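[1] Dropping a prediction and its sequence here:
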Amino acid sequence: MANETVFKRYKGNPIITAQAVPRANSIHNSAIVPFGNGFAGIFRVDEIDFNFTMHAGRSKDGIKWEIDPEPIKMESNDPEIPIKARTYDPRLTQIGDTYYFTWCIDSSQGPCIGLATTKDFKVFHQMENPLPPTNRNCVIFPRKIDGKFAILHRPSDRGHTPFGDMFYSTSPDLVHWGCHRFVFGTLGSSWQSTKIGPGPAPIEIEEGWLLIYHGVWTSCNGYLYYTGGAILDREKPWKVLYRTKDYLLAPTEHYERVGDVPNVVFPSSAVVNDGVMRLYYGCADTCISIAEAKMKDLIGFIKTRSV
């Protein structure tokens, strides 16, 4: 079967559209985690004046959502930290009772990574930006590695980034970052030949760290975004044990092919429950959908379809 994959799309896709928030032109590429007796999320909302904002939301089942109509307002002890600019593509990670999230900021020096924490999805404390411009697609590991916080990120440029390699970095305090290690980059003339970038927070499994990532291919009709998977070494996550040659998801459905940016499936968060991963992904920079896979099938796919 030419389009064989372990992920099965939810029949009710897309689950979130622009109708969920006043002034929204689109809602996509958002971050979702289990929270309390349900779920919480931070959603990218592109407004009708094309300002990009982030909004908190809650759900009992992870499918039907109530998203705050007003953008998140950050608190900070340093007035120089908050940057008033377009914000987009958040990622969420829980460590202990704290939720850490990263996102991209359109600063005057180019895209850079923001970092904040919350415990209740009501009060958000913004910290120092972990990395200088230009950078996109940063996600935090769900525990310390060798006693340090760890991230995956993709250095960028000031434009639409017609290139992309993934790096691993660590910090003792979430402020000072270093020990930068190359993880992997683009791959031949394939669906991940133009650029790649980390998606949801890595998931610790028996083999190491399961990473879902996006890959981009440049066709004569522009960029096409796909979803792939990798398994990284547990103690040295910059070492790649397996990486899919075949994609896990491709833009095949109408809601993935038609939108503000056609032909995009952009994985941004994943929730695992009872051996099943529910993957949340942005569709055509317009809406949010979900697909599910059994973890054993997903891991098996990555290991047997590895480059």
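    Cool, the structure landed.

[2] from here on, contacts and neighbour counts on C-alpha atoms
    Fine.

[3] any idea how far the most centrally placed residue in the chain lies from S193?
    When the chain is reduced to its mean C-alpha position, the nearest residue by Cα atoms, centre = their mean turns out to be S268, at 2.9 Å. Taking Cα to Cα, to the nearest Å as the measure, S268 falls 20 Å from S193.

[4] Could you do I231 as well?
    Taking Cα to Cα, one finds I231 at 19 Å from S193.

[5] how about the residue nearest to the centre of the chain, secondary structure?
    strand (DSSP: H, G, I helix; E, B strand; the rest coil).

[6] all strands for the stretch 151-300 of the chain, in order.
    166-171, 178-184, 195-198, 203-205, 208-219, 222-232, 240-243, 265-273, 276-283, 287-294 (DSSP state E, counting those that start in this stretch).

[7] which one of those strands lies closest to P14?
    Nearest to P14, of all the strands of the stretch 151-300 of the chain, is strand 287-294, at 4.4 Å by Cα to Cα.

[8] Return the list of helices and strands in contact with the closest one.
    In terms of contacts (3 or more Cα pairs under 8 Å, 6 or more residues apart in numbering; DSSP states H and E), strand 287-294 is packed against strand 8-9, strand 24-35, strand 276-283.

[9] what are the pairing partners of the host helix or strand of I42, and which direction each?
    Here I42 is covered by strand 38-47, with elements defined by DSSP states H and E. Applying DSSP bridges, strand 38-47 is found paired with strand 24-35 (antiparallel), strand 52-59 (antiparallel).

[10] Could you check the lengthiest helix in the chain and say which residues are buried?
    Longest helix in the chain by number of residues (criterion: DSSP state H): helix 295-304. Buried positions in helix 295-304, judged by neighbour count with 16 or more other Cα atoms under 10 Å: M295, L298, I299, F301, I302, K303.

[11] for the protein, which spans come out with low pLDDT?
    1-4 (pLDDT under 70).

[12] Please name the nearest non-neighbouring residue to S156.
    With sequence-adjacent residues excluded and distances taken as Cα to Cα, 6 or more residues apart in numbering, S156 is closest to N135, at 4.6 Å.

[13] I meant G229, not that one.
    I212 (4.5 Å).

[14] and the one you found, how many residues sit next to it?
    24 (other Cα atoms under 10 Å).

[15] and it, what is it in contact with?
    P198, G199, P200, P202, T227, G228, G229, A230, P267 (Cα atoms under 8 Å, 6 or more residues apart in numbering).

[16] I figured the third one was touching F266, is that so?
    Yep, that's P200 we're talking about. No: checked against Cα atoms under 8 Å, the pair P200 and F266 is beyond contact range at 10.0 Å.

[17] Would you map the helices across the stretch 1-150 of the chain?
    For the stretch 1-150 of the chain, applying DSSP state H, counting those that start in this stretch gives no helices.

[18] Can you show me the strands along it?
    Counting by DSSP E, counting those that start in this stretch, the strands of the stretch 1-150 of the chain are 8-9, 24-35, 38-47, 52-59, 66-67, 74-75, 87-95, 98-107, 110-118, 124-126, 135-140, 149-155.

[19] which residues are in contact with the fourth one?
    Meaning strand 52-59. 38-47, 65-72, 86-88, 90, 121-122.

[20] Just the buried ones among those, please.
    Here, 16+ other Cα under 10 Å leaves 39-47, 65-68, 71-72, 86-88, 90, 121 buried among the contacts of strand 52-59.

[21] so what's the nearest residue to K144 once chain neighbours are set aside bridging to?
    Excluding the flanking residues, the one nearest K144 by Cα to Cα, 6+ apart is A150, at 6.5 Å. Under DSSP bridges, the beta-bridge partners of A150 are T170.

[22] Go ahead and confirm A150 touches S171.
    Yes: proximity of A150 to S171 meets the contact threshold set by Cα under 8 Å, at 6.5 Å.
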